[in-house]
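Q: can't give you the sequence, but here's the structure:
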């Protein structure tokens, strides 16, 4: 991708602090919730950072805001572009709108109506393409050639990673004595940022990624030391079907202590537990860390664990229970 | 009911203040949430007091706590009793458990398994009966005769009303300049308490009750000045199918400014709006006030309105969308 947003160096804690200063007026400082009944069931002590309450319903608004707020004036005139059928597209569209910047989004023509509607409602210009990765990339490349818009990759981008890191940063400002911090891993933007923030805050904090067994590319990459792609990921946690990037794989290899994989059944159990006991709506991807607590209770017993709930965008007509 | 909990006088603001002092260590001070997108859709400015996050998932724990914490030592030994298949039974069971008091609950044998389980999990002793009001009352009367337990009515009880009032009291402590306060009306315990708290805080605040058209006994009673029963209530808002009592009808007649009735369609739309936009789980009864805002937008335009979200206990396998 010729016009790829120039970004290669790995972000550090200073970048996270700057990101937080930059975006804090635009994002929501989401609450941290606990559930005595879930703690009783798991024997753990869990602190949930509720990014399901974030604008556009996901942590993605943090990274997108951080990237858009660093555009030059010239870049602002040309706009931003991405391909995504998920939360990143909506987040980029809203962040762009708030800065008066045009957003171009390439979406597969078979994307759910609800997602098309959300992205459109934030004022983005959508270009539809055939539902293949090749079509997406070609369509985006063509669009960028025509418009000169800046490509904002959903996670292979240091500004995005620094922005996503601010969720864990806020969590640790509020709960300074956590033993473990855990986030789900898909493309790796959230867990990379989480690991940078947590290890810099206190190098003794253990950082775990939680991943569906059915989309375990991060686990296989982490264990083998080679960046391996996601192959036919078939998990209900639709936000976690993507593959790691060079950038996120490097950060995860350096800073994440372990990756815990979980079954689909555990994900659904965990999702249901959070809905029923905490009375909050989370998407399946958000349930993956609690699924890891359910499957590996001894790791978390009597430990204080912070969990990033990544988002709350679900199709109410298509629930797993 | 011979052993009916002795209560006749209408509670006042001093009772609400005492109730709050009494129960505040035992209840959760629930958060107040707003949604910019719901405000945009409605043209209103809404502040939702989230009693769906309250212990046992409903405001009912406030009143039950207030009643149990005022038992004499002799009454504590004998225990408390009620008949209910809803949130009051669970609330009374937990409040009793926290005071080391035995709770007896009469439930219809066809009550949903999930409700039986919840009440049992708080340690109450359940007596099942045929699913008629007569069977419930007879079974309860028999139980009280045998045990000497104190009957705690779900709303025809001044201590219960004073306890429910503390939700609006907390809301107004946090948002002092509300123009309107609204709560759903079923048996009337919540709206009675809400009206007492709001009118004493500032007599200029308008207090509205919201009620399903399909269970409009409070509306008909309010308009006619005669306490009329609920007849074949057939609403999705299952918490609002009960009739007013003498006590709650008196308070509502004195202090509530108006009762707004809403269609089933509006209730489901409002419920869905809160789930999708606020990412929180509420039961249908909680959606009735927002349904009133949707049906009567001019009343709420540019006004600051506080809404009590009464509870969040839903059967995930039986959703209306």
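A: Looks like it came in fine. Only a predicted model underlies this, so the values are computations on that prediction, with no experimental measurement involved.
Q: so when I look at residue A:259, I'm seeing a strand, right?
A: Yes. Under DSSP: H, G, I helix; E, B strand; the rest coil, residue A:259 sits within a strand.
Q: For it, name its beta-bridge partners.
A: residue A:209 (DSSP bridges).
Q: what about stretch A:299-318, near chain B?
A: Yes. In this structure, stretch A:299-318 sits against chain B according to Cβ under 8 Å from any Cβ of the partner chain; the contacting residues are A:312, A:316-317. C-beta here means a position set from N, CA and C on the backbone, and glycine is covered the same way.
Q: Sort out which of these are buried, if you could.
A: When the residues of stretch A:299-318 next to chain B are checked for burial by 16 or more other Cβ atoms under 10 Å in any protein chain shown, the buried set is residue A:312.
Q: From the residues of stretch A:299-318 next to chain B, which shows the smallest pLDDT?
A: Sorting those by confidence puts residue A:317 at the bottom, with a pLDDT of 86.
Q: What residue in the stretch 51-200 of chain A comes nearest to chain B?
A: residue A:52 (4.7 Å; Cβ to the nearest Cβ).
Q: so what's that residue closest to, chain neighbours aside?
A: The shortest distance from residue A:52 to any residue other than its chain neighbours is 2.9 Å, reached at residue A:312 (Cβ to Cβ, 6 or more residues apart in numbering or on different chains).
Q: you'd agree the one you found is up against residue B:279?
A: Yes. At 3.8 Å, residue A:312 and residue B:279 qualify as touching, with contact defined as Cβ atoms under 8 Å.
Q: touching chain B at all, the helix ranked longest in chain A?
A: The single longest helix within chain A, with elements called by DSSP state H, is helix A:158-174. No. Using Cβ under 8 Å from any Cβ as the criterion, no contacts between helix A:158-174 and chain B are found, and the smallest distance is 14.6 Å.
Q: what's the following helix or strand after that helix?
A: For helix A:158-174, the following helix or strand on the C-terminal side (DSSP states H and E) is strand A:180-184.
Q: what's that next one packed up against?
A: Using 3 or more Cβ pairs under 8 Å, 6 or more residues apart in numbering or on different chains; DSSP states H and E as the contact criterion, the elements in contact with strand A:180-184 are helix A:158-174, helix A:189-201, strand A:206-212, helix A:284-295, strand A:304-309.
Q: so how far is that strand off the chain centroid?
A: How far strand A:180-184 lies from its chain's middle: 12 Å, per Cα atoms, centre = their mean, to the nearest Å.
Q: what does it contact?
A: Where contact means Cβ atoms under 8 Å, 6 or more residues apart in numbering or on different chains, the residues beyond strand A:180-184 that reach it are A:168, A:171-172, A:190-191, A:194, A:198, A:205-211, A:237, A:239-240, A:285-286, A:288-289, A:292, A:299-300, A:303-308, A:310.
Q: Now do the helix or strand of chain A with the lowest mean pLDDT: distance to the chain's middle.
A: Averaged element by element with mean pLDDT, DSSP states H and E, chain A has its least confident helix or strand at helix A:113-121 (a mean of 86). Between the centre of helix A:113-121 and the centre of its chain there are 19 Å (Cα atoms, centre = their mean).
Q: Briefly note if that helix comes near chain B.
A: No. With Cβ under 8 Å from any Cβ as the criterion, chain B is not reached by helix A:113-121; the gap is at least 8.9 Å.
Q: hey, where'd the strands end up in chain A?
A: Secondary structure of chain A (DSSP state E): strands at A:32-33, A:45-50, A:80-83, A:103-108, A:125-129, A:150-151, A:180-184, A:206-212, A:258-262, A:304-309.
Q: Just give me how far the fourth one sits from the chain centre.
A: What that stands for is strand A:103-108. Relative to the mean C-alpha coordinate of its chain, strand A:103-108 is positioned 18 Å out (Cα atoms, centre = their mean).
Q: Same question for the last one.
A: The gap between the average C-alpha position of strand A:304-309 and the chain average comes to 14 Å, counting by Cα atoms, centre = their mean.
Q: Ok, the longest one next?
A: Here the centre of mass of C-alpha atoms in strand A:206-212, compared against the chain's by Cα atoms, centre = their mean, lies 13 Å away.
Q: What of the third one?
A: Relative to its chain's centre, strand A:80-83 lies at 17 Å (Cα atoms, centre = their mean).
Q: What is it packed up against?
A: Under the contact criterion of 3+ Cβ pairs under 8 Å, 6+ apart, strand A:80-83 touches helix A:87-98, strand A:103-108, helix A:133-147, strand A:150-151.
Q: make it 6 Å
A: With contacts taken as 3 or more Cβ pairs under 6 Å, 6 or more residues apart in numbering or on different chains; DSSP states H and E, strand A:80-83 sits against strand A:103-108, helix A:133-147.
Q: I'd like to check which residues are in contact with the closest residue to chain B within the stretch 151-300 of chain A.
A: Evaluated by Cβ to the nearest Cβ, the stretch 151-300 of chain A has residue A:279 as its residue closest to chain B, separated by 3.8 Å. The contact partners of residue A:279, by Cβ atoms under 6 Å, 6 or more residues apart in numbering or on different chains, come to B:52-53, B:281, B:312.
Q: farthest-separated two in the residues you listed?
A: For the contacts of residue A:279, the farthest-apart pair by Cβ to Cβ is B:53 and B:281; their separation is 9.6 Å.
Q: how about the residues of chain A near chain B?
A: If contact is defined as Cβ under 6 Å from any Cβ of the partner chain, the residues of chain A in contact with chain B are A:52-53, A:275, A:279-281, A:312, A:316, A:321.
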